[in-house]
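> quick one: sequence plus predicted model below, questions after.
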Amino acid sequence: MLSKNLRTAALLLIAAPLGLHATAERLTSEQMRDASFLDTVSIPTPGEFFLAVDKQCQPNWSKLLRPSAPASTSDRERIALQLGMLAADGFMAIEAQDGQSVKNTARDTLLLAKKLNVSQQIVARSQSISDFADAGNWSRLREELDAMQNDIRLCLLEQKDSALVVLAMAGSWVRQLDMASNLLAANDSSVSTALLVQPEIASRILSRVENLPENSKNRPIVKQLSEGLQTTSALMSQSNSSLSASAVQSIASTMSAITAAAAEVDSKK
Amino acid sequence: MKRRALLFALSLVAMAHAQEDKATPANSSPLAWNSHDKSPRSLALELAAGNEGEGYQVHDGFWSGTLTKAEPILLEVHLFAGNDYRFSAANVDALSQLRLSIFDAWGYPAGQEYSGDFSCSTAGISVIRSGRYFIRLVMTEGDKADTCMVYSYK
């Protein structure tokens, strides 16, 4: 019997040149409405998003990187948001091919993860990131960062911190939009606004945030996040496939404000 | 004829060994598959690893569950223009047949299927329009099997 390897090779060798077109029938609107939405598959990774941005306009990624310094806070909701944002920063640093920034991001992630009691599970991952960053192995770094996010998610779920999982996911998405909308708002017309139009994702994340437990929802940062997601979701839902300049500006200022608020130190709360 | 078939088989074996070598580096990747592990996820990752030579990056997220012939799975995804995607699914029932298809936001078939065989299936798309897409996983032969789907992008 052919091994799976052989079957894989044979499948690609034989089927790929044929370019077999799908002959499946059209999906009905009911089928599409009832389709499963799985956070870990249905929401794109920062790596996919930044790759698409890079193909469109090759921005100066180094200039887009933030100075690395996680805020000193004991607010677990804010820490979770920051963790998500750091993941996006890490992918940006990879696009910039800036190994030191990737290492700084991994170090900061470890510091924040420690505050949420999930650092033990990612220590080895952090070391691998450091090694791959030194070697300039950008492809492996993407995989490691992706896996680190997933490890943190699984650990938080294990300790029944599902609210923090939602906030980390939201933080990553906010930071991605923050970067891309500000790029567009700075009149970089080479980037299509279509990349920003993600109404289904906006509404899913908003719904998750609105369903958080009351004690999480009442946090000032979560309230700000929820309001920002409502604004963004409404703007995206009004759009077909592109956004007006004023809509882009509005998303940019909303996302930047959330990013800045997440990074504030406790005394400014 | 026999000799040509033998040469073809040998070239496939060489490719398979090359993949195995790649999958066990000193500092192994979090998504490296293990040729001894026959879980659906490992098989799906093994299938996806076949795309790495073309520059595809495997994403850590995956769908897994029991797929039955009566109940196809339809998953919503968001894909970005300019990126290429490959979706790979596999299960542990060698006698079953899987079919993976991609549909656009209007429900029309999109991309290409590299399917039609066995208990593993791949579909790919070069995205021109960013937005919502749907991935359908159907068991065309067999009753039910634990199945896993992963995706790669470049």
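All right, it came through fine.
> C-terminal to the helix or strand containing residue B:85, what's the next element?
For residue B:85, the host element (DSSP states H and E) is strand B:84-91. The helix or strand immediately downstream of strand B:84-91 is strand B:97-103, counting by DSSP H and E.
> pLDDT of the helix or strand following that following strand, averaged?
As assigned by DSSP H and E, the chain's next helix or strand after strand B:97-103 is strand B:109-110. Mean pLDDT, taken over the full extent of strand B:109-110, equals 95.
> mind listing what the residue in the stretch 151-269 of chain A positioned nearest to chain B touches?
Relative to chain B, the nearest point of the stretch 151-269 of chain A is residue A:194 (4.7 Å; C-beta to the nearest C-beta). For every residue, glycine as well, the C-beta is placed using N, CA and C. With contact set as C-beta atoms under 8 Å, 6 or more residues apart in numbering or on different chains, residue A:194 has these partners: A:241-242, B:81, B:129-131.
> tell me the most packed of these, by neighbour count.
The residue in the contacts of residue A:194 with the most neighbours, by other C-beta atoms under 10 Å in any protein chain shown, is residue B:130 (23 neighbours).
> just checking, that residue touches residue A:195?
Yes: with the criterion set as C-beta atoms under 8 Å, residue B:130 and residue A:195 qualify as a contacting pair; they are 5.6 Å apart.
> which neighbours do the two share?
Each of A:52, B:80-81 lies in contact with both residue B:130 and residue A:195 under the rule C-beta under 8 Å, 6+ apart.
> contacts only, for the most centrally placed residue in chain B.
Nearest to the mean C-alpha position of chain B, counting by C-alpha atoms, centre = their mean, stands residue B:88 at 1.4 Å. Listed by C-beta under 8 Å, 6+ apart, the contact set of residue B:88 reads B:44-45, B:47-48, B:51, B:100, B:120-122, B:149-152.
> could you dump the contacts of residue A:194 into TSV with distance to residue A:206 and secondary structure added?
TSV is the format used below for the contacts of residue A:194 (distance: C-beta to C-beta, whole Å; DSSP: H, G, I helix; E, B strand; the rest coil):
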residue	distance to residue A:206	secondary structure
A:241	21	coil
A:242	21	coil
B:81	24	coil
B:129	24	coil
B:130	20	coil
B:131	18	strand
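> quick one: which of these is nearest residue A:122?
Closest approach to residue A:122 among the contacts of residue A:194 (C-beta to C-beta): residue B:130, at 31.4 Å.
> got phi/psi on that closest one?
In terms of degrees, to the nearest 10, the main-chain angles of residue B:130 are phi -70, psi 150.
> and what of residue B:142?
When quoted as degrees, to the nearest 10, the phi and psi of residue B:142 stand at phi 100, psi 170.
> quick check, pLDDT for the closest residue to it other than its chain neighbours.
The shortest distance from residue B:142 to any residue that is not its chain neighbour, by C-beta to C-beta, 6 or more residues apart in numbering or on different chains, is 3.0 Å, and that residue is residue B:96. Residue B:96 is assigned a predicted lDDT (pLDDT) of 88.
> who touches residue B:96 in this structure?
B:119, B:139, B:141-142, B:145.
> same question, residue B:40
Residue B:40 touches B:64, B:90-92, B:145-148, counting by C-beta under 8 Å, 6+ apart.
> same question for residue A:39.
With contacts defined as C-beta under 8 Å, 6+ apart, the neighbours of residue A:39 are A:169, A:204, B:61.
> secondary structure element for the second one?
To tie it back to what came earlier, the one meant is residue A:204. Once you assign secondary structure using DSSP H and E, residue A:204 falls within helix A:199-210.
> packing partners of that helix?
Other helices and strands packing on helix A:199-210, by 3 or more C-beta pairs under 8 Å, 6 or more residues apart in numbering or on different chains; DSSP states H and E, are helix A:39-42, helix A:162-185, helix A:220-238, strand B:73-79.
> residue A:133: which of the ones you listed is closest?
Closest to residue A:133 of the helices and strands packed on helix A:199-210, according to C-beta to C-beta: helix A:162-185, at 19.6 Å.
> could you pull up the mean pLDDT of the closest one?
On average, the pLDDT along helix A:162-185 is 94.
> what residues sit buried inside it?
If you call a residue buried by 16 or more other C-beta atoms under 10 Å in any protein chain shown, then helix A:162-185 has these buried ones: A:163-185.
> do stretch B:39-52 as well
For stretch B:39-52, the buried set under the neighbour-count rule, 16+ other C-beta under 10 Å, comprises B:40-52.
> mind checking which of those residues are in helices?
With DSSP state H as the criterion, helices contain B:40-49 from among those.
> just the contacts of residue B:88 now: which is nearest residue A:133?
Nearest to residue A:133 among those is residue B:152, at 22.2 Å by C-beta to C-beta.
> roughly how far does the closest one sit from residue B:47?
Here residue B:152 is placed at a distance of 10 Å from residue B:47 (C-beta to C-beta, to the nearest Å).
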